[in-house]
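[1] predicted structure and sequence below. I'll ask about it afterward.
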Amino acid sequence: MRILLYNPDNGVTRNFMPHLWMFLLKALTPPGHEVLLIDGNAQPMDEHQIAQYVREQNVGLVGIGAMTRMIAKAYRIADAIRATGVPVVMGGPHVTELADEALGRDGGPRHADAVALGEADETWPQIVIDAVAGQLKEKYAPIDDMGKERKPSLKGYPVIPWDSIDLDQFNLVPKSAAALLRKVGEGWGTFRIVPVESGRGCPYGCEFCTVTGFFGDSIRFRTNESVVNELLLLKARARKERGQMAVFFIDDNFAINVKRTKSLLRDIIAAKAQVHWVAQISANLLRDEELLDLIAASGGKWIFIGMESIDPANLKDVNKGFNKPGEYAAVLERLAQRNVYAITSFIFGMDNDTSGVAERTLAQVRAWPPGLPIFGLLTPLPATPLYKRLETSGRLTRPKHWQEFIPFAMAHTPLKMSIEQAHAEVKYGWEQAYSPEALAQAVDSLSDQPLGYRINIFLARLCFRGIYFPMMGKMAWLRVVAQNRKTIFTLLREAFFGRRALPTNPVAPDAYGAVAAPDVPDEASV
């Protein structure tokens, strides 16, 4: 049987890497079946196109996984596929919490023939067997003999055949630029960011987060050997293709057990399995100097830190009081000293936020080493403690906001500002942090570093800018290039001709009595 595993986009913003669940289920599929993968972020399809694809490829079963922000698109795609007569199984955090919605038991239309609740490592093979026999059940859940949910051990983690999986759809290098990049620098014809997990679960239970509810509060880890072998496989493929491969460790908190993380990083170094990697680590765990040394030595380049707020009262409200805003600057400085930089995430619209929160946050961000700030709105996801609290207090304005996804739009009323003000704060944060002036300042702040680091921060900022300002097409990219032309010119000039030396003598006034400015990029208009 041919099986299609499909991950939808939300129609507005696109992820920069594929989702791991598709590759994991492909590896867990019983022998004798062909598994096709489509990620809507890499291969956008509408309902007509996906239905046509299913018919043309003679697909017999479709699995769809989606987070809440993608679920509306997932339902539309599922409806189109089911209309062709092909059964659809849906899973993921949203469907796990709202299975009746997917099955049409809440008064709405039915979107799925079956749902996989929780982690599907154990149930997926049985789903495939039942589909072949035409005996799909409505619900599949990993339940033990006592009727309690069973979490899969990661000790026997399946080998994902990264050496043979078709990854063409996930190449981040545009086809139009591939030939040029191969000439400029060998090994840049392809660039992929691949998701890898080393563990699951989180004990923190932040009020707005779905991770603890879905994966549980006890941490399960893969063996070090399993992770190292996977990195070696990815590294070998990149070398064979003369391309670039980076890894995003998708663990909710990669260093939740610092002793274990150090052990893994040492094994990566010993096996020469270093690849450039990104991981999510909370700020409170980045006080350990030895851990930071190992992060840098093992290939760590970016750390995603959910700072959420610079206000301790906000953090306490959402059960994230272990974050200490007074430590943020020191944490980022320690990382930067090792040429590791941070993706810093902030949430506006919290109960203690007032008008001007974006500028107050940016004032601190500007004083930190350059990184990638991200701004979002507090979002009540179904079944989270936050959703239940807001529902009880009557503050939800769009109780089923996921049925009509609107990016950067609130679904509840903040306490100390209006919804419109919260929206304005997020817009201001993105506009100021990713303006041409801000990009030039970030590049210039690394003037004492090699050119590669400045190019890295510039390209990363351009890409992350697309989260709020999607660059869907050549004209959008051309406008961004034009706005940042002076910074681009400065970097290109140094790449081809070297850095221009500054004068050794004191700077003399020019003919008009003004002091000549050093050769740095000036401000470009927005």
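    Arrived safely, thanks for sending. Numbers count the residues shown, from 1 in each chain.

[2] any weak-confidence spans in the stretch 351-500 of the chain?
    472, 499-500 (pLDDT under 70).

[3] also the stretch 151-300 of the chain?
    Ranges of the stretch 151-300 of the chain meeting pLDDT under 70: 174-189.

[4] redo that, cut-off 80
    172-190 (pLDDT under 80).

[5] can you show me the helices along it?
    Using DSSP state H, counting those that start in this stretch, the helices of the stretch 151-300 of the chain run over 175-184, 211-215, 224-241, 258-270, 289-297.

[6] closest to Q337 out of those helices?
    When these are compared for distance to Q337 using CB to CB, the nearest one is helix 289-297, at 8.3 Å. Glycine gets a C-beta too; all of them are placed from N, C-alpha and C.

[7] the very next helix or strand once past that closest one packs against which elements?
    Using DSSP states H and E, the helix or strand that follows helix 289-297 in sequence is strand 300-308. Judged by 3 or more CB pairs under 8 Å, 6 or more residues apart in numbering; DSSP states H and E, strand 300-308 is in contact with strand 276-280, helix 328-336, strand 341-348.

[8] strands paired with the first one, and their directions?
    Here strand 276-280 is paired, per DSSP bridges, with strand 244-249 (parallel), strand 300-308 (parallel).

[9] can you pull the contacts of K320?
    K320 makes contact with Y204, C206, E207, G306, E308, according to CB atoms under 8 Å, 6 or more residues apart in numbering.

[10] try I310
    Applying CB under 8 Å, 6+ apart, the residues near I310 are P325, Y328, F346, R360, T361, Q364.

[11] related to what we said a few turns ago, of the contacts of K320, which is the nearest to Q337?
    Looking across the contacts of K320 and measuring by CB to CB, the closest to Q337 is G306, at 21.9 Å.

[12] for burial, what's the neighbour tally of the closest one?
    Per other CB atoms under 10 Å, the neighbour tally for G306 reads 21.

[13] from the helices of the stretch 151-300 of the chain, which stretch is densest packed?
    Most buried of the helices of the stretch 151-300 of the chain by mean neighbour count (mean count of other CB atoms under 10 Å) is helix 211-215; its value is a mean of 19.

[14] helices and strands around that one, which ones?
    helix 93-97.

[15] now the next helix or strand after the helix it packs on: buried residues?
    The helix or strand immediately downstream of helix 93-97 is helix 99-102, counting by DSSP H and E. Neighbour-count burial for helix 99-102 flags A99, E101, A102 (criterion: 16 or more other CB atoms under 10 Å).

[16] show me the contacts for the first one.
    For A99, the contacting residues are R105, V115, L117, K139, by CB under 8 Å, 6+ apart.

[17] neighbour-wise, which one of the residues you listed leads?
    Within those, V115 tops the neighbour count with 25 neighbours, counted by other CB under 10 Å.

[18] what helix or strand is it on?
    Here V115 sits within strand 114-116, counting by DSSP H and E.

[19] can you tell me which residues contact the closest residue to S445 other than its chain neighbours?
    Once flanking residues are discounted, S445 sits nearest to P370: 5.1 Å by CB to CB, 6 or more residues apart in numbering. Counting by CB under 8 Å, 6+ apart, P370 touches Y341, Q441, A442, V443, S445, L446, I457.

[20] the fourth one against I488, yeah?
    No. Using CB atoms under 8 Å, V443 is not in contact with I488; the gap is 9.8 Å.

[21] what is in contact with those two at once?
    F458.

[22] the two: which is more packed in?
    V443 (25 against 20).

[23] identify the residue nearest the more buried one in space, chain neighbours excluded?
    That would be R454: by CB to CB, 6+ apart, it lies 4.8 Å from V443.

[24] buried residues, the helix or strand hosting the one you found. List them.
    Using DSSP H and E, R454 maps to helix 451-468. Residues 453-458, 460-462, 464-468 are the ones in helix 451-468 that count as buried (16+ other CB under 10 Å).

[25] farthest pair within the residues you listed?
    Longest span within the buried residues of helix 451-468, CB to CB: Y453 and Y468, 24.3 Å.

[26] let me know how buried G429 is, in neighbour terms.
    23.

[27] show me what contacts it?
    The contact partners of G429, by CB under 8 Å, 6+ apart, come to F346, F348, A358, T361, L362, P373, F375.

[28] separation between it and V318?
    From G429 over to V318 the distance is 19 Å, taken as CB to CB, to the nearest Å.

[29] then M45?
    36 Å.

[30] now do K272
    Per CB to CB, K272 is found 41 Å from V318.

[31] looking at these two, which is more packed in?
    Set K272 next to V318 and count neighbours by other CB under 10 Å: V318 wins out with 21 against 10.

[32] quick one: residues contacting the residue nearest to that one when sequence neighbours are not counted.
    Once flanking residues are discounted, V318 sits nearest to E207: 4.2 Å by CB to CB, 6+ apart. Counting by CB under 8 Å, 6+ apart, E207 makes contact with D317, V318, N319, K320, T384, P385, L386, R389.

[33] can you pick out the most distant pair from those residues?
    Maximum distance among the contacts of E207 (CB to CB): 14.6 Å, for K320 and R389.

[34] for the closest residue to W277 other than its chain neighbours, the count of nearby residues, please.
    Nearest non-adjacent residue to W277, counting by CB to CB, 6+ apart: V247, 4.3 Å away. Residues near V247, counting by other CB under 10 Å, number 23.

[35] go on, I219?
    Neighbours around I219, by other CB under 10 Å: 18.

[36] and the gap between it and G201?
    Counting by CB to CB - I219 and G201 are separated by 4 Å.

[37] now the residue lying closest to I281 once chain neighbours are set aside: how far from F375?
    Using CB to CB, 6+ apart and skipping residues adjacent in sequence, the residue nearest I281 is A255, 4.6 Å away. Using CB to CB, we find A255 at a distance of 24 Å from F375.

[38] same thing with K427?
    Relative to F375, and taking CB to CB, K427 is found at 9 Å.

[39] more neighbours: which of the two?
    Ranked by neighbour count (other CB under 10 Å), K427 and F375 place F375 first, with 27 against 14.

[40] tell me which element that one is part of?
    strand 372-377.

[41] now swap in V35 and tell me
    Assigned by DSSP H and E, V35 falls in strand 34-39.

[42] contacts for that strand?
    Residues outside strand 34-39 that contact it (CB under 8 Å, 6+ apart) are 1-7, 9, 18-19, 22-23, 25-26, 29, 45, 50, 53, 57, 59, 165-166, 169-170.

[43] filter the residues you listed down to just the ones in strands.
    Counted as lying in strands by DSSP state E, out of the contacts of strand 34-39, are R2, I3, L4, L5, Y6, N7, V59.

[44] mind checking pLDDT for the last one?
    The per-residue pLDDT reported for V59 equals 98.

[45] wait, which of the buried residues of helix 451-468 is closest to T123?
    Nearest to T123 among the buried residues of helix 451-468, with distances taken as CB to CB, is I467, at 33.1 Å.

[46] R479: neighbour count?
    12.

[47] which strand or helix spans it?
    Per DSSP H and E: helix 474-483 holds R479.
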